[in-house]
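Q: sequence and predicted structure below; questions after.
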Amino acid sequence: MSLPGLDPEDLTARARIRDAALRHFGEHGFDRATIRGIAETAGVSSGLVRHHFGAKEALRDACDAYLAKVLNGINDDVRADSAPGSVNYVGVAGAAFGPYQRYVARALVEGRAAPLFDKLAELGAQWLAEADRKRSDPPEVSPAQRATVSAAMALSIAVMHEHVSRGLGVDVFSPQGEDVLARVLLDLYSHPLLSPEEAAAIRSRLPGGNPVLGEGIDD
């Protein structure tokens, strides 16, 4: 059975194999997963898997690239439904959940899924750059840096979903749980814990009075 969310035109043998790999990697992890096991899950021969992808590493890369493509598609949908310049990072980050939750969680714990993480950070930086135009206080750190941390925070739910589900009292990956999570995130994002003045006062007490900024800071 295919995972929900696959493109209608993507119902090919190659897509079925990738679909099966997403499930197999999620259940067994990359190191324990085998071409034979993925082939059995997909209902094809090991030879066909190797024909389309070659080594297991290439199949994992195809899975990561596909999820990055999914993120792009959801980002486009969110932008189409949102007012210009509005930030809807919740909607974009939600693509990491749903049918891909186990793969994402496994890959993140194993230090993989770089394309997925980088794409989420890239899209988040675009949202933040637009939101910065409305800020009364110029940010001291770049959109790329803030989006990187935001992506880590969003994706951490995939890794710690059992703890988050226990705290929320509902499976965070169920439709009800996704609704609760979205409402919690929207409340957190719309009601910051610190005012700009309070943040400035704390920042002034940091070593040197300002954070150390790395490469990629906007001038």
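A: Happy to help now that I have it.
Q: now the strands: where do they sit in the chain?
A: Assigned by DSSP state E, the chain shows no strands.
Q: return the helix or strand in it with minimum mean pLDDT.
A: helix 89-93 (a mean of 50; mean pLDDT, DSSP states H and E).
Q: in contact with the nearest residue to residue 22 once chain neighbours are set aside, which residues?
A: The shortest distance from residue 22 to any non-neighbouring residue, by CB to CB, 6 or more residues apart in numbering, is to residue 103 (4.8 Å). To be clear about C-beta, it is placed using only N, CA and C from the backbone, and glycine gets the same treatment. Residue 103 sits next to 22, 23, 25, 26, 63, 67 when contact means CB atoms under 8 Å, 6 or more residues apart in numbering.
Q: equivalent analysis for residue 147, please.
A: Counted by CB under 8 Å, 6+ apart, residue 147 has contacts 120, 121, 122, 123, 124, 125, 127, 128.
Q: of these, closest to residue 35?
A: Residue 35 has its nearest neighbour among these in residue 120, at 28.6 Å by CB to CB.
Q: what pLDDT does the closest one get?
A: On pLDDT, residue 120 comes in at 87.
Q: can you give me the buried ones in the lengthiest helix in the chain?
A: The helix that spans the most residues within the chain, counting by DSSP state H, is helix 56-81. Using 16 or more other CB atoms under 10 Å as the test for burial, helix 56-81 gives 56, 59-60, 62-64, 66-68, 70-71, 74-75, 78-79.
Q: packing partners of that helix?
A: helix 13-32, helix 35-42, helix 46-53, helix 89-93, helix 101-109, helix 114-132 (3 or more CB pairs under 8 Å, 6 or more residues apart in numbering; DSSP states H and E).
Q: lovely, talk soon.
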